[in-house]
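Engineer: any chance you can model this:
(2 chains)
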Amino acid sequence: MIALAYRPVLDPLPLHGWEWAVLPVIAFLMAMAYKAVRTERLARYWRDTLIMAAIMTAAMAILSAASWVVIEVMYALRP
Amino acid sequence: MPLDEPTAPDAARPSQSSDPPAPAEEAEQAEPGGAASHAEPFDRRRGFVPVAGVLALLMPGLGHLYLGLRPRGARIAGGVLGLFALGLVVGGLDVVDADQDPWWYAGQAAVGPPAWAANYAHQTWYKYPARDMPNGRRKPEPGEVVTSTGQIEFGGDTAEPPAMTKSVGRVNEIGSLACALAGMMNLIAIIDAAFPPLRRRREGARL
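Structural biologist: Coordinates of the predicted model:
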């Protein structure tokens, strides 16, 4: 098969193994759109956006760690 | 037009300096959730501007721009279109597929014309009839070619790669997720544009 160079949008990004690195970006863009609707004072918009993105990223990391503990540790310790 | 106010014409025109300040305006002198907001209830009244809702569906952020809320509209557009573009770049055009991923597309379609156009391009330009799908169309897999009659056939290992690569695995999941989240975020913006809080008059909203 003839191999072609990466074509943006037509080909998926070669990120296999590094997909998780996109999650903070997704969290930031989500917070950007959400806080544009929900925040009451635009003077605090970017601060609120960063806080929301940080909370979402931290929550995903904690849930991932908890899942790892359940699957890798607790399952291995089962009677 | 306010939903829960009997004096609709008064709320439909821009607030003037001679008008007595609305409770919302007084309440927002203090930070919501602050000490003063305990004394004055937070104003949750909303208007109804269907044109802004339709515009928000046609282009993310346009509804808030129509209401005179330019900073909010620009940030909504940046967030929603950024998420959608990120999903397309990560997962490729394959992540927007109303035919094979209808549930994902149900969320993605709320982005509006960008999602509709991406799906149209995917279905029209990159899918072809195949022997194994007598009543449908699909993308050529690696090793397959599109013949001059527009039919997918096996072309062997020396075949040209397909015009679009099918994304699989987590890259496909992340791309689909980002595009669907863009639609969900725009849905929130559409609802907010169609039913804008009346307290946004302080920001210059035309309500």
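Engineer: contacting residues for the residue in chain A positioned nearest to chain B?
Structural biologist: Nearest residue of chain A to chain B, counting by C-beta to the nearest C-beta: residue A:33, 2.8 Å away. All C-beta spots, glycine's among them, are computed from the backbone N, C-alpha and C. Going by C-beta atoms under 8 Å, 6 or more residues apart in numbering or on different chains, residue A:33 touches B:60, B:75-76, B:78-80, B:83, B:182, B:185-186, B:188-189.
Engineer: so which of those is surrounded by the most neighbours?
Structural biologist: With neighbours taken as other C-beta atoms under 10 Å in any protein chain shown, the top of these is residue B:186, carrying 34 neighbours.
Engineer: listing partners with orientation, what would you give for the longest strand along chain B?
Structural biologist: In chain B, taking DSSP state E as the definition, the longest strand is strand B:133-138. If you go by DSSP bridges, strand B:133-138 pairs up with strand B:128-130 (antiparallel).
Engineer: how many residues are close by residue 74?
Structural biologist: Since you didn't name a chain, this refers to chain A. Residue A:74 has 9 nearby residues by other C-beta under 10 Å.
Engineer: actually it's chain B I care about, not the one you picked
Structural biologist: 14.
Engineer: pretty sure it is touching residue B:61, no?
Structural biologist: Yes - assessed by C-beta atoms under 8 Å, residue B:74 is found in contact with residue B:61 at 6.2 Å.
Engineer: need the contact partners of the top helix by length along chain A.
Structural biologist: Looking across chain A with DSSP state H, the single longest helix is helix A:45-68. Identification of contacts with helix A:45-68 by C-beta under 8 Å, 6+ apart yields A:23-24, A:27-28, A:30-32, A:34-36, A:39, B:71, B:75.
Engineer: pLDDT value on the most centrally placed residue in chain A, please?
Structural biologist: Nearest to the mean C-alpha position of chain A, by C-alpha atoms, centre = their mean, lies residue A:23 at 1.8 Å. For residue A:23, the model assigns a pLDDT of 94.
Engineer: please name the nearest non-neighbouring residue to it.
Structural biologist: residue A:60 (6.0 Å; C-beta to C-beta, 6 or more residues apart in numbering or on different chains).
Engineer: and the one you found, how many neighbours does it have?
Structural biologist: 15.
Engineer: ok, now residue B:54?
Structural biologist: Residue B:54, neighbours per other C-beta under 10 Å, totals 15.
Engineer: taking chain B, what residue is nearest to chain A?
Structural biologist: Counting by C-beta to the nearest C-beta, chain B gets nearest to chain A through residue B:79 (2.8 Å).
Engineer: okay, the helix or strand harbouring that residue in CSV with CA atoms only?
Structural biologist: Element membership for residue B:79 (DSSP states H and E) is helix B:70-91. Provided in CSV are the C-alpha atoms of helix B:70-91 (Å, rounded to 0.1, in the frame of the first residue of the first chain):
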residue,chain,number,x,y,z
ARG,B,70,-20.8,40.8,21.7
PRO,B,71,-18.1,39.5,24.2
ARG,B,72,-20.3,36.6,25.1
GLY,B,73,-21.1,35.8,21.5
ALA,B,74,-17.5,35.9,20.5
ARG,B,75,-16.5,33.5,23.4
ILE,B,76,-19.3,31.1,22.6
ALA,B,77,-18.2,31.0,19.0
GLY,B,78,-14.6,30.4,20.0
GLY,B,79,-15.5,27.6,22.4
VAL,B,80,-18.0,25.8,20.3
LEU,B,81,-16.3,26.1,16.9
GLY,B,82,-12.9,25.4,18.6
LEU,B,83,-14.3,22.2,20.1
PHE,B,84,-15.8,21.2,16.8
ALA,B,85,-12.6,21.9,14.8
LEU,B,86,-10.6,20.1,17.4
GLY,B,87,-12.8,17.0,17.1
LEU,B,88,-12.5,17.1,13.3
VAL,B,89,-8.7,17.4,13.5
VAL,B,90,-8.2,14.7,16.1
GLY,B,91,-10.7,12.1,14.7
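Engineer: next SSE downstream of that helix?
Structural biologist: By DSSP H and E, the next helix or strand past helix B:70-91 is helix B:102-108.
Engineer: can you give me the buried ones in that next one?
Structural biologist: By 16 or more other C-beta atoms under 10 Å in any protein chain shown, the buried positions in helix B:102-108 come out as B:104-105, B:107-108.
Engineer: thanks again, I'm all set now.
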